[in-house]
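Participant: I would like the atomic coordinates for the input below:
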Amino acid sequence: MKKQFSTILFLFYLWLPFATGNTIVVCPTCEVETIADGVKLANECDTVLVKKGVYEENNILIEKNLTLLGEERPVIDGKNSGEIITVENKYFYIEGFRIQNVGRSYVEDRAGIRIRKSTQFTIRNNEFVEAFFAIYLQNSSKGLVENNLVMAQSQDEANSGNAIHAWYCSYLEIANNVVKGNRDGIYFEFVDNSLIHDNLSQNNIRYGLHFMFSDNDSYFNNEFVDNGAGVAVMYSKFISMKNNVFRENWGAASYGLLLKDIFDSEINYNKFARNTIGIFMETSNRLNIRENEFSENGWAFKMSGGNQTNILTKNNFLHNTFDLSVHSAGSDNTFNGNYWSDYAGYDLDKDGVGDVPHRPMKLFSYVVSSTPEAMVLLRSLFVDLLNFSEKVSPIFTPENVIDKTPLMDPLPVFGR
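Facilitator: Numbering: from 1, shown residues only. The predicted structure follows:
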């Protein structure tokens, strides 16, 4: 999948700050004192160079091919009065600013930078503080959002925005950003053929990353930490999810990864550690889930109804409270060739594969899913006897949820 982006990304990487135009200098003591005036005076392909200082401005409209550069991190302060920069043109490049205090709104999605109907744009090395929707990409394509820091202190979903928000876009690259304290760290809706990689998304109220109706995308080498839930991928297909870390996403309805109506996708080489639920999957089909590590989660993997033809293999399940919970009978999902830390079988022929099949679903996990209050009995002798009796003679747990070839040793699956 990565190859399909190489030519396109190479073309717009060549478009760096314009070198052919003039430079207009903006500073508090210069002839041009405001960024808005600098933009008005600029011609196509000019550079507006903004010196260090605090510029109390908003509603800056850019409708020409322009480079906007900050020197020594100038501050654009919106004074909580509305959107700060709106871009409507083909080419645009911005780097080196601190953009703050957009102001919250219950009726409009205000943004620190809004890119509308644009192509071949770059937003790089900026800081956003209390920017509501920090970066809002709308009906745009071939854009790079790189090395930005987005910080907010959102208290609830109703009065907070997303750090990086993309709607009806294509061929985006979202790379090496740090997003903290927003509603969603990164949000994709109707966004296709795009890359999300090497980002840190932490302490966001809802999701670290949120996909809706977006196809042929790839996210890899990201870290999703202590969010309401790590990542939600919904109503999408052909999604590649590799080499990500999902950790410490705790809560009554929190997941490392939530999958809803996902098709023909792959989840490989990820690490799920200390989440309430590592992966929760519902009505998703033909997923290849292999070479991941699930460690110290409440539930490592939960499957509700309507999941078909999914392959779960070569994964490590390490010291989770419950490794697997499946609430659908008659499915053709397979669970073979995984390592389960609570497997109690033996390997007489020393081929690394257990001679006795493993049933990873415990009866008590079925009970807790139906009656959460039963969790207080988790460490009791009664629960051990309950699980053992179900293991010997399965009655309530799905008979086809079985690993016929459990591994004796964990695999070095993460970090490829």
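Participant: give me the number of residues near the spatially closest residue to Gly337 that is not a sequence neighbour?
Facilitator: Excluding the flanking residues, the one nearest Gly337 by Cβ to Cβ, 6 or more residues apart in numbering is Thr313, at 4.4 Å. C-beta coordinates here come from the backbone N, C-alpha and C atoms, glycine included. When neighbours are defined as other Cβ atoms under 10 Å, Thr313 has 16 of them.
Participant: dump the residue contacts of Thr313.
Facilitator: 289-290, 334-338 (Cβ atoms under 8 Å, 6 or more residues apart in numbering).
Participant: Would you state the helices of the stretch 301-416 of the chain in chain order?
Facilitator: Listed in chain order, the helices of the stretch 301-416 of the chain (DSSP state H, counting those that start in this stretch) span 363-370, 381-392.
Participant: for the chain, same thing?
Facilitator: Using DSSP state H, the helices found in the chain span residues 3-13, 35-41, 363-370, 381-392.
Participant: one step back: if we take the contacts of Thr313, which one ends up nearest to Lys350?
Facilitator: Distances from Lys350 to the contacts of Thr313, taken as Cβ to Cβ, are shortest for Gly337 (17.0 Å).
Participant: Now for the closest one: which residues touch it?
Facilitator: 313-314, 353, 403, 405-407.
Participant: Using CSV, write out every CA atom in stretch 309-324.
Facilitator: Taking Å, rounded to 0.1, in the frame of the first residue of the first chain, the C-alpha atoms of stretch 309-324 are listed here in CSV:
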residue,chain,number,x,y,z
THR,A,309,-14.0,-15.3,7.8
ASN,A,310,-11.5,-13.5,10.1
ILE,A,311,-8.1,-15.1,10.7
LEU,A,312,-6.5,-14.6,14.1
THR,A,313,-3.0,-16.2,14.1
LYS,A,314,0.5,-15.9,15.3
ASN,A,315,-0.4,-13.5,18.1
ASN,A,316,0.9,-13.4,21.6
PHE,A,317,-1.7,-13.3,24.4
LEU,A,318,0.2,-12.5,27.6
HIS,A,319,-1.3,-12.3,31.1
ASN,A,320,-4.7,-10.8,30.1
THR,A,321,-7.6,-11.1,32.5
PHE,A,322,-9.6,-12.7,29.6
ASP,A,323,-7.9,-13.6,26.4
LEU,A,324,-10.9,-14.0,24.1
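Participant: roughly how far out does it sit from the chain middle?
Facilitator: 21 Å (Cα atoms, centre = their mean, to the nearest Å).
Participant: And for stretch 232-240?
Facilitator: So, by Cα atoms, centre = their mean, the centroid of stretch 232-240 is 11 Å from its chain's centroid.
Participant: same check, this time on stretch 206-217
Facilitator: Relative to the centre of its chain, stretch 206-217 is centred 7 Å away, using Cα atoms, centre = their mean.
Participant: Contacts made by that stretch with the rest, please.
Facilitator: Against stretch 206-217 from outside (Cβ under 8 Å, 6+ apart): 1, 157, 162, 183-196, 201-202, 219, 222, 224-225, 227-240, 249.
Participant: Out of the residues you listed, name the ones that lie in strands.
Facilitator: 184-192, 195-196, 201-202, 219, 224-225, 229-237, 240 (DSSP state E).
Participant: which one of the helices of the stretch 301-416 of the chain has the lowest average pLDDT?
Facilitator: Least confident of the helices of the stretch 301-416 of the chain, judged by mean pLDDT, is helix 381-392 with a mean of 56.
Participant: on that earlier part again, pipe the contacts of Gly337 into JSON lines and attach distance to Ser304 per row.
Facilitator: Converted to JSON lines, the contacts of Gly337 look like this (distance: Cβ to Cβ, whole Å):
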{"residue": "Thr313", "distance to Ser304": "21"}
{"residue": "Lys314", "distance to Ser304": "24"}
{"residue": "Val353", "distance to Ser304": "30"}
{"residue": "Asp403", "distance to Ser304": "20"}
{"residue": "Thr405", "distance to Ser304": "26"}
{"residue": "Pro406", "distance to Ser304": "24"}
{"residue": "Leu407", "distance to Ser304": "27"}
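Participant: can you tell me which of those lies nearest to Ala152?
Facilitator: Lys314 (39.0 Å).
Participant: got a pLDDT number for that closest one?
Facilitator: Value for Lys314, per-residue pLDDT: 96.
Participant: Over to Asp156?
Facilitator: Looking at Asp156, its pLDDT stands at 78.
Participant: same question, Thr276
Facilitator: Per-residue confidence (pLDDT) for Thr276: 92.
Participant: what's near enough to touch it?
Facilitator: If you count contacts by Cβ under 8 Å, 6+ apart, Thr276 has them with 249-255, 297-299.
Participant: can we see that at 7 Å?
Facilitator: By Cβ atoms under 7 Å, 6 or more residues apart in numbering, Thr276 lies in contact with 249-251, 254-255, 298.
Participant: Would you mind checking the residues you listed for buried ones?
Facilitator: 249-250, 254-255, 298 (16 or more other Cβ atoms under 10 Å).
Participant: Including distance to Met361 and pLDDT, could those go into TSV?
Facilitator: Shown next, in TSV, are those (distance: Cβ to Cβ, whole Å; pLDDT from 0 to 100):
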residue	distance to Met361	pLDDT
Asn249	23	92
Trp250	23	83
Ser254	21	86
Tyr255	18	94
Gly298	15	90
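Participant: Pairing partners for the lengthiest strand in the chain, with directions?
Facilitator: What stands out as the longest strand in the chain, according to DSSP E, is strand 164-175. Strand 164-175 pairs in its sheet with strand 133-138 (parallel), strand 141-146 (parallel), strand 184-192 (parallel), strand 195-197 (parallel), by DSSP bridges.
Participant: Ok, which of the ones you listed comes nearest Ser118?
Facilitator: Ranking the strands paired with strand 164-175 by proximity to Ser118 (Cβ to Cβ) places strand 141-146 first, at 7.3 Å.
Participant: Residues touching that closest one, excluding its own?
Facilitator: So strand 141-146 is in contact with 8, 12, 115, 119-124, 135, 137, 164, 169-177, going by Cβ under 7 Å, 6+ apart.
Participant: Nice, that's everything, thank you.
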